[in-house]
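A.B. asks: need coordinates for the below:
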Amino acid sequence: MKRIVLSSILLTAAAGCAPEPVQMAAPFHYNGNYYMAGDNACARVTQVAKGRVMCTNTAGQNTGYRDAMSDQQLQMYRHNQLMAQQRRAQAAAEQAALMQQMQHASNSIQLSTPQYTPMPAPVVAPISMPGSNTISCISVSDGFYTNCRY
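C.D. replies: Predicted coordinates for the structure are as follows:
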């Protein structure tokens, strides 16, 4: 019980200390040019020269300059994003195919496994012989009598 209480206290404390979520930079159109901005270090931009901006973080502190992206850099960013999207789609398709194969294998195992058929309950059959005591036996499905009492 002490472990559960201690674990819940530690988890609550750890959740309160969690860092802020990481934002990823992406091309941001500002005054006719594209700049890599939007991450934690460059939440806001202010133009300081043609083709150059000053980045500030979420606390309002200056974090440095960023230059405008060239056409080649912008094209390469878009190409990389497209490639990543295709990899994610391929991984999702492979995962779906694997899940389908596993389901098919599970179904064939279930179909090929012999199903349990319950045995009929034993029947107690009294045997009475003329001029003797009554004998009670338990019958098994194959017709043999076992466990007889006099």
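A.B. asks: the strands in the chain, which residues?
C.D. replies: Counting by DSSP state E, the chain has strands at residues 26-30, 33-37, 44-49, 52-56, 62-67, 123-128, 134-139, 145-149.
A.B. asks: let's test this: mean pLDDT of the second one, rounded?
C.D. replies: Okay, so that is strand 33-37. Averaging pLDDT along strand 33-37 gives 94.
A.B. asks: next: the first one.
C.D. replies: Strand 26-30 shows a mean pLDDT of 92 in the predicted model.
A.B. asks: need the residues that contact it.
C.D. replies: Residues outside strand 26-30 that contact it (C-beta atoms under 8 Å, 6 or more residues apart in numbering): 34-38, 45, 47, 53, 69, 74, 77. C-beta: built from backbone N, CA, C; applies to glycine.
A.B. asks: relative to it, what are the paired strands and their orientations?
C.D. replies: Each strand paired with strand 26-30, and its direction, by DSSP bridges: strand 33-37 (antiparallel).
A.B. asks: and the contacts of the partner strand?
C.D. replies: Outside strand 33-37, the residues within contact range by C-beta under 8 Å, 6+ apart are 25-28, 30, 42-43, 45, 51, 53, 55, 66-69, 74, 77.
A.B. asks: would you list every one of the helices in the chain?
C.D. replies: For the chain, the helices defined by DSSP state H cover 2-16, 71-112.
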